[in-house]
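In: Here is a sequence with its predicted model. Questions after.
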Amino acid sequence: MRKVFLGLILFAILLSVRAQQKPVIYDEMQVPQFTLPPLLISESGKKITTAKEWEKVRRLELLNTFATQMFGQTPEGAIKTSYEVLKTHPQSLGGKATCKQVKVTFSNGAIERSMLMLIYLPNQVKGKAPLFLGYNFSGNQTIADDEDIIPSSEAERGSSKSRWAVEKLISSGYGLCTIWYYDIFPDAEDKHVESILPLFGYQSGNDIAASSWQAMGAWAWGLSRVMDYIETDNAIDESKVVLMGHSRNGKAALWAGAQDERFAVVISNNSGCGGAALSKRTFGETVGVITTAFPHWFCKAFGQYANNEEKLPFDQHQFLALMAPRPLYVASAEEDQWADPKGEYLSACYAGEVYELYGMKGLEKPDMPGINKPVMNRIGYHIRSGVHDVTDFDWDNYIRFADKWLK
Ligand code: GTR
């Protein structure tokens, strides 16, 4: 009886929470009218007309906006880092690759955290290899059937291999580096204390200030620490690192790419709300939904725009523009309406204004390309058939895009 009663109360609470959320929009006719915040007008009202003004004024303003109002500020303090090669296999993948697994330990003197990097490098490349870098969702051992991979979780070996075209990358002359994103911040609401945050002074039960970083900021930080490692590894070309992320890891990759210009190319795979998609469209997942479902991802200040997206003083086209003038690729999937493919396309399209300052071509306005018809200018885009996922079609195009701009 008591259980039934408690169940009813819980159900009532859930209903009231859901009642505050607006119904999900999947119909273009229901997208509200909105005006996008300008990309090329500075906070003091000055029109930005050159790449130099963009870099010196506007880019910095927007970086600060996204840090203080969306992703949280990345602390400046230096953390001591050490690298330990746990395993090297020079004849991996039937002799095609060298597999290296490196443990990175972070320390602030009192507290330590570590992450485990899995690196495959193509043996056919003499000298430094270009490389794709991206977080995996479930553990390093899930990306291939390779028995040599040191597990970083309990998940089954090879269980995510369809999402990682390891052989394709290697035969195309690219390396791959991947890390389980949980190493940096276990993806749950109450895991701050197990994450890297305590390295920067966070203690269990501490209040989190409105503009403090949480998981997204921490994940982006982790990607930059991989870049630090890459700069020390003579087998990898640090000027040709392609940062790729899927979904929530796509959001994190974009934030890392925005802050850290060492990443040569940035690729967003189905990153959706809080990533490539325009927030003001409120199509599919919204700021209201995402900040409620994942309160530990963005900074708390972002929550003020929950179900209040019209008040957002910024939007994601400004975020994507922070990759300029580096090559940027945004990919959507036809059946991934939750991530708002059109909103992802428009955002990438409007970001093109900044690429134009550099004399570079973004995307054609305003119509989206057809299904499975990639466009590869300095900004690339495709919408492929199928669901929210990473497929061989995606990888084939990421490799073509990287070849176009890096080779
Ligand atoms: C969903 C979330 C999306 C996206 C996705 C994923 O639950 O609503 O924003 O990040 O997870 O990461 O697969």
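Out: That came through fine.
In: Tell me which other helices or strands the helix or strand where residue 222 lies touches.
Out: For residue 222, the host element (DSSP states H and E) is helix 215-230. Under the contact criterion of 3 or more Cβ pairs under 8 Å, 6 or more residues apart in numbering; DSSP states H and E, helix 215-230 touches strand 80-91, strand 97-107, strand 112-122, strand 129-136, strand 175-180, strand 236-246, helix 248-259. Quick note: C-beta positions are derived from backbone N, CA and C, even for glycine.
In: That helix close to the ligand?
Out: No: using Cβ under 6 Å from any ligand atom, helix 215-230 stays clear of the ligand, with a minimum separation of 10.2 Å.
In: can you pull the buried residues of that helix?
Out: Across helix 215-230, burial judged by 16 or more other Cβ atoms under 10 Å covers 215-227, 229-230.
In: What I need now is the helices and strands packed on helix 215-230 written out in TSV, including mean pLDDT for each item.
Out: Output for those, formatted as TSV (pLDDT from 0 to 100):
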stretch	mean pLDDT
strand 80-91	98
strand 97-107	98
strand 112-122	98
strand 129-136	98
strand 175-180	99
strand 236-246	99
helix 248-259	99
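In: Apart from its neighbours in sequence, what residue is nearest the closest residue to the ligand within the stretch 51-200 of the chain?
Out: Using Cβ to the nearest ligand atom, the closest approach of the stretch 51-200 of the chain to the ligand is made by residue 137 at 7.5 Å. Nearest non-adjacent residue to residue 137, counting by Cβ to Cβ, 6 or more residues apart in numbering: residue 160, 6.5 Å away.
In: my guess is that neighbour meets residue 136, correct?
Out: Yes: Residue 160 lies in contact with residue 136 (Cβ atoms under 8 Å); the separation is 6.4 Å.
In: overlap in contacts of the two?
Out: Common contacts of residue 160 and residue 136, defined by Cβ atoms under 8 Å, 6 or more residues apart in numbering, comprise 142, 143.
In: which one of these two has more residues nearby?
Out: Applying other Cβ atoms under 10 Å to residue 160 and residue 136 shows that residue 136 carries more neighbours, namely 23 against 18.
In: ok, which residues in this structure are in contact with the ligand?
Out: Proximity of the chain to the ligand, by Cβ under 6 Å from any ligand atom, involves residues 247, 248, 272, 273, 285, 290.
In: Residue 160: what's it in contact with?
Out: By Cβ under 8 Å, 6+ apart, the residues touching residue 160 are 136, 137, 138, 142, 143.
In: which of those sit farthest apart?
Out: Farthest-apart pair in the contacts of residue 160 is 137 and 143; separation 9.6 Å (Cβ to Cβ).
In: Please identify which of these two sits among more neighbours.
Out: Each of residue 137 and residue 143 has its neighbours counted (other Cβ under 10 Å); residue 143 has more, 27 against 20.
In: after the helix or strand hosting residue 288, next one along is what?
Out: Assigned by DSSP H and E, residue 288 belongs to helix 287-293. Note on helix 287-293: by DSSP H and E, the next helix or strand toward the C-terminus is helix 316-320.
In: contacts for that following helix?
Out: Helix 316-320 is contacted from outside by 36-37, 39, 62, 65-66, 70, 254, 258, 268, 275-279, 328, 330, 343, 346-351, using Cβ under 8 Å, 6+ apart.
In: Run the angle between the helix or strand just after it and helix 248-259 for me.
Out: Sequence order places strand 328-333 as the next helix or strand after helix 316-320, per DSSP H and E. Going by axes from the mean of the first three to the mean of the last three Cα atoms, to 10 degrees, strand 328-333 is angled at 160 degrees with respect to helix 248-259.
In: Counting by contacts, list what strand 328-333 packs against.
Out: Applying 3+ Cβ pairs under 8 Å, 6+ apart, we find strand 328-333 packed against strand 265-269, helix 341-357, strand 379-384, helix 392-406.
In: relative orientation of the first one and helix 248-259 in degrees?
Out: So that's strand 265-269. With the same axes, to 10 degrees applied, the angle from strand 265-269 to helix 248-259 works out at 150 degrees.
In: Strand 265-269: how far from the chain's middle?
Out: 8 Å (Cα atoms, centre = their mean, to the nearest Å).
In: One more: stretch 347-358?
Out: Put simply, stretch 347-358 sits 19 Å off its chain's centre (Cα atoms, centre = their mean).
In: Would you mind pulling the contact partners of it?
Out: Contacts with stretch 347-358, where a contact means Cβ under 8 Å, 6+ apart, come from 36, 39-40, 48-51, 54, 276-278, 315-321, 323-325, 328, 330, 361-366, 378-379, 381.
In: what number of residues lie near residue 47?
Out: The tally of other residues near residue 47 (other Cβ under 10 Å) stands at 10.
In: Let me see the contact set for it.
Out: Going by Cβ under 8 Å, 6+ apart, residue 47 touches 40, 41.
In: Tell me how far it lies from residue 194.
Out: From residue 47 across to residue 194, the span is 47 Å (Cβ to Cβ, to the nearest Å).
In: got it, and residue 115?
Out: According to Cβ to Cβ, residue 115 and residue 194 sit 13 Å apart.
In: Give me the more crowded residue out of these two.
Out: Set side by side, residue 115 and residue 194 show more neighbours around residue 115, with 22 against 14, by other Cβ under 10 Å.
In: Surely that one and residue 223 touch.
Out: No: using Cβ under 8 Å, residue 115 makes no contact with residue 223, being 10.4 Å away.
In: and the helices and strands packed on strand 328-333, which is most packed in?
Out: Among those, ranked by average contacts under mean count of other Cβ atoms under 10 Å, first place goes to strand 265-269 (a mean of 28).
In: Pairing partners for that strand, with directions?
Out: When pairing is defined by DSSP bridges, strand 265-269 lines up against strand 236-246 (parallel), strand 328-333 (parallel).
In: which of the residues in the longest one are buried?
Out: To tie it back to what came earlier, the one meant is strand 236-246. Of all the residues in strand 236-246, those buried under the rule 16+ other Cβ under 10 Å are 236, 237, 238, 240, 241, 242, 243, 244, 245, 246.
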